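> Fold the following, please.
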Amino acid sequence: MKVEQIYTGCLAHAAYYIENNGEAAIFDPLREVGPYLERAEKDNAKIKYVFETHFHADFVSGHLDLQKKANAEIVFGPGAKPAYEATTAEDGQIFNVGNYQVKVIHTPGHTMESTTYMLIDENGKEHGIITGDTLFIGDVGRPDLAQHVVSELTEEKLAGHLFDSLRNKIMPLSDDLIVYPNHGAGSACGKKMSKETTDTLGNQKKTNYALRPDMTKEEFISELLTGLTTPPVYFPQNVLMNIKGYDSLDDVKERAFVSMTPEAFEAAANETDALVLDVRDAETFAKGFIPNSINIGLDGNFAQWVGEMIPDVKQTILLVVDPASLDETVTRLSRVGYDGVIGYLEGGYETWANSGKDVDTIQRVDANEFAAVNDATLIDIRKKSEYDSEHVVNAINIPLNQINDHLASFPKDTFFYINCAGGYRSMIASSILKQRGWDNFADVRGGFSALKDTEVEKTEYVCPTTLL
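Here you go, the predicted model:
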């Protein structure tokens, strides 16, 4: 059976494409639909259906643009109530794609409309299951996201539904079925996902903690809910966009692709509540940037950190970006619902610097320089789990996604240093501190990865200076 996984690493996201006899279907597409249209055109096929496994929280789906551009029919599982034209399927309903069949298996738990799609080949053989966030490789979907949108749901109730779905709908299926999940390692939609992005159901029954045959519902709920971190703040907003609808990506880009001179850019920043977002790499940003701008580098997990650090997807944004990366930047912002770009600095940062306008810098030190400092105050902005694994002795842990709630913990009367794992996240933190008035600090270039190779004392247990 012809099934293609289209994987986007920066979001740990998998969409799927199937085609047979001139008809195609897309499952859980991203916002930019060009690659799916091109893939179908290569097969001389028409995209007949866009299947959605659920209302996604971590990205804005491309189903509406595919509906418009390919005249495709959008299909959700039982219970879905989108605010636009779409088919809400029944449990067990069959859809034909050429000589293939797609069977609806309602699997509530991650969300109440969550649905798994059984893929059946032209000979009637069950080939695999597209599971969305119901079943990952090594994990299952967290059940605490839908409750932020539907108030009467609790994570305990959803976890109970998920237990029933897995036991009654998924585990009885054949061991040789291939599992095609919506996400892999790095996604915030689970906590123990494997770096592998497909597997057989039989192997998952043996290795996935959530599929242990002797597990009770109470044990399942307890294990599933233990250790969940707070979901990114943009998740509920993305869910609502996927339910209610959103602007076409073409319209978003038309609004964003407005070139501004330094004078026009400065005026727009002063006259609106726009956030100046600089997407250059950390080292380049530190050497010179527009005062009060925030750095989230395009070279890292850009969309995820935008979603973590910019609380409102409706935030107006002005971009400082290499012109060659403009389209990619706007696309990656739109994937997580940030459609508010109103323009970009013509020629990038160099145009601003050459105009004679004020610039700012951030001090960076090498790991060996830091190791030579006596009694240095170090703030480690990695996740608590990273910090707990190993950290510099007496380092203070303030995870990056909690920085705005703990600004008072950053000293103003003594010099301090910041580190993350490699320097990407610490520059985000540094730019935020600069914007808020801190100037008495330095960023450790290379982060903890570089510090491990120095003589600085390290520990593998949690020291008393952990704040979170």
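> Report how many residues lie close to Glu263.
10 (other C-beta atoms under 10 Å). (C-beta placed from N, C-alpha, C; glycine too.)
> where's it, which helix or strand?
Take DSSP states H and E as the rule and Glu263 turns out to sit in helix 262-271.
> can you give me the end-to-end distance of stretch 275-287?
End-to-end span of stretch 275-287 (C-alpha to C-alpha, to the nearest Å): 20 Å.
> start the count at 4, not 1, going forward
Taking 4 as the first residue, the last one we looked at is stretch 278-290.
> The helix holding Glu266: what's the following helix or strand?
With DSSP H and E, the next secondary element past helix 265-274 is strand 278-281.
> Starting from that following strand, tell me which strands it pairs with and how they run.
strand 297-298 (parallel), strand 320-323 (parallel) (DSSP bridges).
> Compare those and report which one is nearest to Thr287.
Among those, the nearest to Thr287 by C-beta to C-beta is strand 297-298 (9.3 Å).
> Next secondary structure element downstream of that closest one?
Next element after strand 297-298 (DSSP H and E): helix 305-312.
> List of residues touching that next one?
With C-beta atoms under 8 Å, 6 or more residues apart in numbering as the test, helix 305-312 has contacts from 13-14, 61-62, 191, 235-238, 280, 282, 297, 299, 316, 332, 335-336, 338-341, 403-404, 428, 431, 435.
> Just the terminal-to-terminal distance for stretch 212-232.
Terminal-residue distance, stretch 212-232 (C-alpha to C-alpha): 19 Å.
> Could I get the buried residue list for that stretch?
Of the residues in stretch 212-232, Ala213, Leu214, Met218, Phe223, Ile224, Leu227 count as buried by neighbour count, 16 or more other C-beta atoms under 10 Å.
> Do you know the pLDDT at Ser154?
pLDDT, Ser154: 53.
> now do Lys198
88.
> Make a ChimeraX selection of the buried ones in the contacts of helix 305-312.
Buried subset of the contacts of helix 305-312, written as a ChimeraX selection, criterion 16+ other C-beta under 10 Å:
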select :14,61,62,191,235,236,237,238,280,282,297,299,316,332,335,336,338,339,340,341,403,404,428,431,435
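> Mark which of the contacts of helix 305-312 are part of strands, please.
Leu280, Ile297 (DSSP state E).
> In helices, which of the contacts of helix 305-312 appear?
Phe238, Thr332, Arg335, Leu336, Arg338, Arg428, Ile431, Ile435 (DSSP state H).
> residues contacting the third one?
Each residue near Arg335 by C-beta under 8 Å, 6+ apart is listed here: Cys13, Leu301, Phe305, Ala306, Val309.
> same thing with the last one?
By C-beta under 8 Å, 6+ apart, the residues touching Ile435 are Ile297, Met312, Ile406, Asn407.
> Let me know the next secondary structure element after the helix or strand harbouring Phe166.
If you go by DSSP H and E, Phe166 is part of helix 158-168. Reading on from helix 158-168 to the C-terminus, the next helix or strand found by DSSP H and E is strand 181-184.
> and that following strand, which strands flank it?
Counting by DSSP bridges, strand 181-184 is paired with strand 129-135 (parallel), strand 202-203 (antiparallel).
> Could you single out the most deeply buried of those?
strand 129-135 (a mean of 24; mean count of other C-beta atoms under 10 Å).
> could I have that strand exported to CSV, CA atoms only?
Taking Å, rounded to 0.1, in the frame of the first residue of the first chain, the C-alpha atoms of strand 129-135 are listed here in CSV:
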residue,chain,number,x,y,z
GLU,A,129,-5.7,-4.1,6.8
HIS,A,130,-2.3,-2.4,6.4
GLY,A,131,-1.9,0.2,9.2
ILE,A,132,-3.5,2.7,11.5
ILE,A,133,-3.1,6.5,11.4
THR,A,134,-3.4,7.2,15.1
GLY,A,135,-3.1,10.9,15.5
